[in-house]
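K.L.:
this is a predicted model, with the sequence first.
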Amino acid sequence: MGTSYIYKRDATRLFIALRENGKRFKIYLPKESKPVIDGEEQDINFIEQTDSQYCFDWNDKRYNCELVSRDQNKTIIKVNGVEYKFSLESIFSYIRHGMINKDGKQLNENDILSPMPGKIVDIFLSEGDLVNVGEPILSLEAMKMQNEITATCNGVIQKIHIVQGQTVMKDDLLVEITSIDV
Amino acid sequence: MNKNEIFEQRLKALQKMESNAAVKQHLKGKLTARERINVLFDEGTFFEFDAFVEPALNTMSDKQSSFGDGVVVGRGLVQGRSVFAYAQDFTVLGGSLGYAHGMKIAKVQEMALKLGAPIVGLIDSGGARIQEGVKSLSAYAQIFRNNVRSSGIIPQISVILGPAAGGAVYSPALTDFVFMTNQTSYMFVTGPDVVKEVLNEDIDMEGLGGGNVHAQKSGVAQFVYDDEEHAILYVRKLLSYLPSNNFDPIPVSTNTHFFESRQSYLNNIVPDDSNRPYDMKEIINIIVDKDSFFEVHEKFAQNIVVGLARLDGKTIGIVANQPKVMAGTLDINSSVKGARFVRFCDCYNIPLLILEDVPGFLPGINQEHSGIIRNGAKLLYAFVEASVPKITVIVRKSYGGAYIVMSSKNTGGDFNFAWPTAEIAVMGPEGAIKIVNKNELAKADNKEELKKELIAKYKNEIANPYRAEEMGLIDEVITPSDTRNVLITAFEILSNKQYIKPQRKHGNIPL
Amino acid sequence: MKKRILIANRSEIAIRIIRSAHRLGMLAVVLQSDKEPDALYLKYADEIIPAKDAQNEKPIFLNAERIVEIALEHQIDMIHPGYGFMSENPDFAALCEENGINFIGPSPELIRNMGIKTIAKKMAIEAGLPLVPGSDGAVKDAAKAAEYAASIGYPVLLKASAGGGGRGMRIVEKAETMERLFKSAYDEAISAFGNGDLFIEKYLTNPKHLEFQILGDKHGNVIHLGERECSLQRKHQKLMEEAPSASLSPEMRKEMGDMAVKFAKQIGYFSAGTIEYILDESGTFYFMEMNTRIQVEHPVTEMITGVDLVDWQIKVAMGEKLSLTQDDIKMNGWAIEIRVNTEDPQNRFSPQTGFIEKIHFPTSKDIRIETGVTHGSIVTPYFDSMIAKIIVHGKDRPDVIAKTLKALNEFSLIGLKTTAPFCRAVLQHEEFVTAKYTTRWVDTYFTPEMLESEDEELVGALAATIIYATDYLQIASEIPTSRNESLNLWVLNKRIN
């Protein structure tokens, strides 16, 4: 039920690791293959785990990781003797956090304007949906060509100003997206 | 319209409601009621009923926009086990509790009780629906009554994910555990406006009744999380420790890993100097199964640590003094926190492990005047009353009244063990020699020297675990690194513990 | 009968001395402190004597009378004091002598003279060693100090004459602050050493710390074994050392070494000792002080010269003649020593205590490990934080730096934080690679961010995510549980009424 956000447990293998200094890693953990970090598959091998040690191997270098402390999603991890503090989020909690922290502030609008005059053929998403950069939102037919209009940022579709079949002019406001920088 | 069309139309209306709700809630950084339900339950197991109930007093022009009267109720599976839940929907009439809304909750509560399954309330409500007047209040009353009737029979968990104000706060208060989220949830009897009007005090919602306030200061919430999803997922984790009802056996995990290489550290973890603090949680984490310690009330009254854990896969409840905070003394808040947790464990047959390092009760005018006597008595009452297996390990200090309270042998502790570092006596050495050796000390030329001598003598002769062992008040002095093994065996021995209670309606715990 | 040698020390140096004792066919006896009854060094000894140094008492290693008492009770022939503790305490050396126990080290008189800086300097001047311009003995008050400072020029350094370890030491940048700093240095010296005498000297802004290893016998023979560079310090505590120093030309090495030998001969020095020099940016060197013990960093010298200093300490103590001449000493390659201290470089080097769950050292023919701990050891707050040393040998400086970095990558310790990552950061720093680093390196260049590296951060993020995700996905999915059937109705009926 509902249009969006059905909590698919297995689909949520994408996580965000945020460091206190603002550095951010987008980490996807596929079930079978190597981890994908910031869009790139990395050849990092998990060697072994003992009591509190996690051992990795990457480009012939050994990485001894040790869990120092954990408080909910705040984790301090020691890698080869140096501590790094990360705050971990699932992609969904990360987006919601962005929302809470922006509360009361001017929302960062990322409106999608029509690039050319044409007719709306199809709308793929609805209001309230989460979108990622490059994800198609709607299809616009102009000069006998169907163009997919894609999201320019990660975020939530706040308002859709058009309906299927509607004719639009250049620079008409099509969709409002609230950006959540992921 | 034929029957099928009506059906389709109603379903569509529901979908529209959900997508409207999604827009509103997502922008506030919140999930909708149905999304929350989806996080709580195993995928695809939620069975909803009463989805099309209409408000008792429907003032909406579009009747279909208030289907369900702002609450989603039903049953689902959590780790394969049956759990009932209701989730309030803030996007329908502000989640306010009308009569129909309340009766839906009451209905699911009654089913949970009838079927012996835990119930989780996901609360996000503006309070009683003003338009419905006393009718909505009567629905609250029904809910509270069900809360009390279910207490001690099925675990009840409240998750506050939005406002809970006025009378609405009492349902969570009656349940076993309260979860809250930071920044998005609030609980108070009277809101900031009333506080301003009556007392002329300025305070915002977060400061008056936010998650952190209730987790740290008031002790209303046992758990607080930064995010809804975490909060709800940790409800799942909590449920994994609990039986479904008071007749159900506790679940046993097949994962029994523990910190093998760290066991020997227990021999050195307690500092030589008995006035130096250490972290009791470190001891707990070494003894119990790896990563199994799930602390309850982590931020409230930190001088006592309570929580659930697994020992060899089986759930136990832990009550431990925390020498790191206020030297582990017992005060009003820690006594109440401990007592409530002990009684919870007793309700659901969860055996108790008590790790003791307590120099005594906290002295002071404030404590005495606020009733440390009757509040301390709660902890004593709870321990004596508990009929589950109770094992105490005296890690270091165990003095005076606090020794008695922490499930000592003659209050009904089934096994009392001690580490060699234990100090068991009526009072600490400094205090004791001042009384016992008063005359000697007054006459002595070199007071400090004599004091040192007397303290050493006192520690050697009186304040040690061997005196108590000789009297049978300590069953055995154990090697710290052996604690885990001893406890596993001891709990196994006690698993068939029978306890015959005298017949009575109920005791009169000093509330 | 085998000679019995008592080691009045602990940790890695105790094990190091035991090794030499065994090589020389002696029995090694050690003291067991109640503060660390399961320490590693005990396992290597032939005999362990429980010292019964109770909780609130000072450690046995600082209790001169008790050590000598124990030595007499247990028929000890010789005592090796190691470093720290009683190693430079002339009274202890004298007490040993009085009781007919052979103290391994120089004479009490030499220890005493070198320990008092004003005397040591006087003797150095007599031997023609250059000194940093400074006051002739203690200055009376702040006014006198200001007067003198004006004559040699600011900045100047105030130093407690009985001092060491940075206590009672103040840098005075300008005349206005002299009075205040003089007073605070004086107070500190009084409380630390019971002696408020301060002297004053020119302060070198960017000095290097070099030291020459001396070895002498009781027959007047003295040689030097080249220098070590110990410029890498934090608050006057050395963190890593190398030998030789890249800052010395062969001529300078010869000049400084010859002077050191001349000085040692002049004062009649025997046993192992160290002449410390300070080298300024222009390449001018000054004598600083003499250490009359075996140094923590002695292995770097051993690595490049092949001479076993502890062996010789013992042999010299027994009156043996030095069989080595200066010409026998050849420098071979380069060596670096990493001190593994349980201090947290990310948090102002705060000491770490607790449990060592796992420790892994690199192994190679070029690597020498001196450790006082192993798996399961406990680091207590009672003693020094240095738990191990990693000494690496290479054919030249770039080679040894590369090898040391590799060794540090192989080193791992689970349970506590150490200075190993700090040393790694130093080895990669431009100033170190070009050998320009001075004693101000830590203050000038070090930031905790230097300890981090991008690849480790990324793996850390991954590890943190995996740990989190495991829990997250596990809670989100089913946890395997079975039913505990031990609670039967019989039990429950009685518990619930």
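P.N.:
Yes, it's here. Since the structure is predicted, the reported quantities are computational estimates derived from the model, not experimental observations.
K.L.:
OK, contacts around the residue in the stretch 51-200 of chain B positioned nearest to chain A?
P.N.:
Across the stretch 51-200 of chain B, the shortest distance to chain A (Cβ to the nearest Cβ) belongs to residue B:183, at 5.2 Å. C-beta: built from backbone N, CA, C; applies to glycine. Residue B:183 sits next to A:100, B:29, B:206, B:210-211, B:226 when contact means Cβ atoms under 8 Å, 6 or more residues apart in numbering or on different chains.
K.L.:
what about the residue lying closest to residue C:426 once chain neighbours are set aside, neighbour count?
P.N.:
In space, and not counting its chain neighbours, residue C:426 is closest to residue C:432: 5.2 Å by Cβ to Cβ, 6 or more residues apart in numbering or on different chains. Residue C:432 has 20 neighbours, counted by other Cβ atoms under 10 Å in any protein chain shown.
K.L.:
where's the dip in pLDDT among the contacts of residue B:183?
P.N.:
When the contacts of residue B:183 are sorted by pLDDT, the bottom entry is residue A:100 at 67.
K.L.:
sorry, back to before: dihedrals phi and psi, the residue nearest to residue C:426?
P.N.:
phi -80, psi -40 (degrees, to the nearest 10).
K.L.:
the one 4 residues further on too?
P.N.:
Geometry field for residue C:436 lists phi and psi as phi -90, psi 0, criterion degrees, to the nearest 10.
K.L.:
separation between it and residue C:206?
P.N.:
Residue C:436 is 9 Å from residue C:206, where distance means Cβ to Cβ, to the nearest Å.
K.L.:
for the residue of the stretch 51-200 of chain B closest to chain A, which three-state class applies?
P.N.:
Put simply, residue B:183 is coil when judged by DSSP: H, G, I helix; E, B strand; the rest coil.
K.L.:
need phi/psi at the residue in the stretch 51-200 of chain B positioned nearest to chain C.
P.N.:
Nearest to chain C, among the residues of the stretch 51-200 of chain B, is residue B:79, at 4.8 Å (Cβ to the nearest Cβ). Taking degrees, to the nearest 10, you get phi 50, psi 40 for the backbone angles of residue B:79.
K.L.:
so how far is residue B:233 from it?
P.N.:
12 Å.
K.L.:
which residue is nearest the middle of chain C?
P.N.:
residue C:296 (4.1 Å; Cα atoms, centre = their mean).
K.L.:
surely that residue touches residue C:339?
P.N.:
Yes: when contacts are counted by Cβ atoms under 8 Å, residue C:296 is listed as touching residue C:339 (7.2 Å).
K.L.:
what sits in contact with each of those two?
P.N.:
Contacts common to residue C:296 and residue C:339, judged by Cβ under 8 Å, 6+ apart, are C:238, C:386, C:389.
K.L.:
got a list of what residue B:83 touches?
P.N.:
Contacts of residue B:83 by Cβ under 8 Å, 6+ apart are B:40-41, B:75-77, B:117-120, B:239.
K.L.:
quick one: which helix or strand includes it?
P.N.:
strand B:81-88 (DSSP states H and E).
K.L.:
pairing partners for that strand, with directions?
P.N.:
Using DSSP bridges, the strands paired with strand B:81-88 are strand B:71-78 (antiparallel), strand B:119-123 (parallel).
K.L.:
near chain A, which residues of chain B?
P.N.:
With Cβ under 8 Å from any Cβ of the partner chain as the criterion, chain B meets chain A at residues B:14-15, B:18-19, B:21-23, B:26-32, B:34-35, B:38-39, B:43, B:183-184, B:225-230, B:259-262, B:290.
K.L.:
again, but for the stretch 201-350 of chain C
P.N.:
By Cβ under 8 Å from any Cβ, the part of the stretch 201-350 of chain C that sits against chain A consists of residue C:346.
K.L.:
hey, where'd the helices end up in the stretch 201-350 of chain C?
P.N.:
Taking DSSP state H, counting those that start in this stretch, the helices of the stretch 201-350 of chain C run over residues C:250-267, C:298-305, C:309-317.
K.L.:
can you lay out the ones you listed as CSV showing mean neighbour count?
P.N.:
Shown next, in CSV, are the helices of the stretch 201-350 of chain C (neighbours: other Cβ atoms under 10 Å in any protein chain shown):
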stretch, mean neighbour count
helix C:250-267, 18
helix C:298-305, 25
helix C:309-317, 22
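K.L.:
related to what we said a few turns ago, and the closest residue to the residue nearest to the centre of chain C other than its chain neighbours, what does it touch?
P.N.:
Setting aside the residues directly before and after it, residue C:296 is nearest to residue C:83 in space (Cβ to Cβ, 6+ apart), at 5.7 Å. When contacts are counted by Cβ under 8 Å, 6+ apart, residue C:83 touches C:9, C:13, C:293-296.
K.L.:
6 Å - rerun?
P.N.:
Shown in contact with residue C:83 (Cβ atoms under 6 Å, 6 or more residues apart in numbering or on different chains): C:293-294, C:296.
K.L.:
next: residue B:422.
P.N.:
Counted by Cβ under 6 Å, 6+ apart, residue B:422 has contacts B:394, B:465.
K.L.:
gap between it and residue A:172?
P.N.:
79 Å.
K.L.:
ditto for residue B:228
P.N.:
36 Å.
K.L.:
if we can go back for a sec, list the buried residues of the strand holding residue B:83.
P.N.:
For strand B:81-88, the neighbour count (16 or more other Cβ atoms under 10 Å in any protein chain shown) marks B:81-88 as buried.
K.L.:
for those residues, work out which two are farthest apart.
P.N.:
The distance between the two most remote of the buried residues of strand B:81-88 (Cβ to Cβ) is 23.5 Å, for B:81 and B:88.
K.L.:
hey, what's the closest residue to residue B:293 other than its chain neighbours bridged with?
P.N.:
The shortest distance from residue B:293 to any non-neighbouring residue, by Cβ to Cβ, 6+ apart, is to residue B:309 (4.4 Å). On DSSP bridges, the residues paired with residue B:309 through beta bridges are residue B:316.
K.L.:
then residue A:41?
P.N.:
Per DSSP bridges, the residues bridged to residue A:41 are residue A:36.
K.L.:
quick one: it and residue A:30 touch, right?
P.N.:
No: using Cβ atoms under 6 Å, residue A:41 makes no contact with residue A:30, being 8.8 Å away.
K.L.:
can you pull the contacts of the most centrally placed residue in chain B?
P.N.:
Taking Cα atoms, centre = their mean, the centroid of chain B lies closest to residue B:296, which sits 4.7 Å from it. Residues near residue B:296 by Cβ under 6 Å, 6+ apart: B:222, B:306-307.
K.L.:
the same query, at a cut-off of 10 Å, please.
P.N.:
Contacts for residue B:296 (Cβ atoms under 10 Å, 6 or more residues apart in numbering or on different chains) come out as B:176-177, B:222-223, B:238, B:305-308, B:317-318, B:337, B:340-341, B:344.
K.L.:
show the pLDDT at it.
P.N.:
Reported pLDDT for residue B:296: 96.
K.L.:
please name the bridge partners of it.
P.N.:
On the basis of DSSP bridges, residue B:296 is bridged to residue B:306.
K.L.:
gap between it and chain A?
P.N.:
14 Å (Cβ to the nearest Cβ, to the nearest Å).
K.L.:
what residues go with each domain of the chain?
P.N.:
Because you didn't say which chain, this covers chain A. A:14-102, A:112-179 (automatic domain parsing).
K.L.:
think we crossed wires, I meant chain B
P.N.:
Split by automatic domain parsing, chain B gives B:3-241, B:260-428+B:463-494.
K.L.:
without its sequence neighbours, what residue ends up closest to residue C:400?
P.N.:
residue C:394 (2.9 Å).
K.L.:
try residue C:201
P.N.:
Nearest one to residue C:201, counting by Cβ to Cβ, 6+ apart, is residue C:134 at 2.8 Å.
K.L.:
right, is stretch C:346-362 up against chain B?
P.N.:
Yes: with Cβ under 10 Å from any Cβ of the partner chain as the criterion, chain B is reached by stretch C:346-362 at C:353-358.
K.L.:
among the domains of chain B, which gets the worst mean confidence?
P.N.:
domain B:3-241 (a mean of 89).
K.L.:
what's in contact with stretch B:196-215?
P.N.:
Contacts of stretch B:196-215 (Cβ under 10 Å, 6+ apart): B:160, B:163-165, B:169, B:172, B:178-192, B:195, B:218, B:220-226, B:231, B:297-300.
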